[in-house]
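J.: okay, sequence plus prediction incoming.
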Amino acid sequence: MKGILLYSSKYGTSERYAKMFSEQTGLPLADAVKADAAQLAAADCVIMFCGIYAGTLFQPQ
């Protein structure tokens, strides 16, 4: 199985956890905003790290 970790972080906590998870699993890591469409298309599994504010996923401006 080929996977990728994506993160979107307002204060840096989600990014920090995503980096630790990437180191432990060996999965590649990418910023959700800057992720390459080819990387996503090639992945069987996408894991997303982001904050949840008032019931909504964090979306950077």
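T.: Received, thanks.

J.: and residue 60, what element?
T.: For residue 60, there is no enclosing helix or strand under DSSP states H and E.

J.: now do residue 24
T.: Using DSSP H and E, residue 24 maps to helix 13-25.

J.: gap between whichever helix or strand comes after that helix and the chain center?
T.: Sequence order places strand 29-31 as the next helix or strand after helix 13-25, per DSSP H and E. On the basis of C-alpha atoms, centre = their mean, to the nearest Å, strand 29-31 sits 5 Å off its chain's mean C-alpha point.

J.: what packs against strand 29-31?
T.: strand 3-8, helix 13-25 (3 or more C-beta pairs under 8 Å, 6 or more residues apart in numbering; DSSP states H and E). For the C-beta atoms, the positions are set from N, CA and C on the backbone; glycine is no exception.

J.: could you list the low-pLDDT ranges of this structure?
T.: Within the chain, the ranges that satisfy pLDDT under 70 run 58, 61.

J.: in contact with the most centrally placed residue in it, which residues?
T.: Nearest to the mean C-alpha position of the chain, counting by C-alpha atoms, centre = their mean, stands residue 6 at 1.5 Å. By C-beta atoms under 8 Å, 6 or more residues apart in numbering, residue 6 lies in contact with 18, 29-32, 35, 46-49.

J.: so residue 60 touches residue 10, yeah?
T.: Yes. Between residue 60 and residue 10 there is a contact under C-beta atoms under 8 Å: 7.4 Å.

J.: more neighbours: these two, which one.
T.: More neighbours surround residue 10 than the other of residue 60 and residue 10, with 14 against 10 (other C-beta atoms under 10 Å).

J.: excluding covalently adjacent residues, which one is nearest to residue 21?
T.: Nearest residue to residue 21 in three dimensions, chain neighbours excluded: residue 5, at 6.2 Å (C-beta to C-beta, 6 or more residues apart in numbering).
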